[in-house]
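Participant: Just need the structure, nothing else, for what follows:
(one chain, ligands or ions: 1)
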Amino acid sequence: MKLENEDALDHLIICDQCRTLHEEIPIEDGTKACCIKCGNVLYRYDSRLTDHGLALSLTALIFFAVANFFPVVQIELLGNEQFITIPRTFLSLFENGFYFVGFMCAVVLFLFPLAIFALLVLLFLLLKLKKGEDLSRRLLVWLSYMKPWSMNDIFLISILVALVKLIGYAQIHMGIAFWALAMFVLLDIYMTKHIKLNEIWMLRKQIFAEKQ
Ligand SMILES: [Zn+2]
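Facilitator: Model (predicted):
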C-alpha cells in the first residue's frame, strides 16, 4: 500500500495480535470492529465512555487529594508518634540531601499522577461539550507520553512491604490517606485496563466527525 502523506495513516489501524492492517471505518454507537483474520477487537465506539471516564477521573482526583492531605500511616515507636504523608516522604528526602531521588519521587508520585488525572478530566469535559478538537488531540498525545510515569501503585506496594517489616517493632495505624491511596491505585488500574487511550482517540474522532 502506498501512502500519499502522513495523514493517510490516520485512517489505518493495525491489529495488535496478528499485525494485519485494516482500514478504519465509522461504526455505530455501542458496537465494535474486529480483526477479520484473528477476531481481536480493533476498536469500539461507545458514547457513554465520556460520562464514565469523566466520573471515574473526577473520583480518582478526589481520592488523590485525600491521599496527599492526610497521613498515610501513623507509627508509634518507643513513645514517639510519627505521621507520614506522601508530600512529607519526598520533602524529607530533600532535607537529607537526596535531591535527585526526592525530585524523582515528587515527579512520579505527585506531579505526573496529578497532571494525568487533571488532563483526563479536562479531556472528557471537552469531549462531553464537543469542543476543543485540536486541544483534545494534543491532550491525548501528552497523556500517552505521561502514562508510564505514574507510579503510585509501586509506592503503595513499597509502603506495604515497609509496614510488614516494621510490624514487630512499632505500633502502626493506617491513616485515611492509605485507603484513599489504595482506592486511587485501584481506579487507576481499572481505567488503564478498561478505558484505553486509543478508544478515547476513536471516540474523539467520532464525536468531531458527527459534529461536522
Ligand atoms: Zn488480528
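Participant: tell me the SS of Asp29?
Facilitator: Asp29 carries the three-state label coil when classified by DSSP: H, G, I helix; E, B strand; the rest coil.
Participant: Distance check, it against the ion.
Facilitator: Computed as C-beta to the ion, to the nearest Å, the Asp29 to the ion distance reads 24 Å. For the C-beta atoms, the positions are set from N, CA and C on the backbone; glycine is no exception.
Participant: And stretch 125-138, what's buried?
Facilitator: Leu125, Leu126, Leu127, Gly132, Ser136 (16 or more other C-beta atoms under 10 Å).
Participant: Okay, and which of the residues you listed map to helices?
Facilitator: Leu125, Leu126, Leu127, Ser136 (DSSP state H).
Participant: Now do the phi/psi pair for Ile14.
Facilitator: phi -110, psi 140 (degrees, to the nearest 10).
Participant: Which of the buried residues of stretch 125-138 lies at the shortest distance from Gly175?
Facilitator: Leu125 (31.4 Å; C-beta to C-beta).
Participant: sorry, back to before: save the buried residues of stretch 125-138 as a markdown table, and put in pLDDT too.
Facilitator: Shown next, in a markdown table, are these (pLDDT from 0 to 100):
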| residue | pLDDT |
| --- | --- |
| Leu125 | 95 |
| Leu126 | 94 |
| Leu127 | 92 |
| Gly132 | 88 |
| Ser136 | 92 |
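Participant: In TSV: those residues, plus distance to Ile14.
Facilitator: Shown next, in TSV, are those (distance: C-beta to C-beta, whole Å):
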residue	distance to Ile14
Leu125	30
Leu126	27
Leu127	24
Gly132	28
Ser136	23
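Participant: quick one: the closest residue to Glu133 other than its chain neighbours and Lys131, what's the gap?
Facilitator: Among residues not flanking Glu133 along the chain, Phe208 sits closest, at 4.9 Å (C-beta to C-beta, 6 or more residues apart in numbering). Note on Phe208: its distance to Lys131, by C-beta to C-beta, to the nearest Å, is 10 Å.
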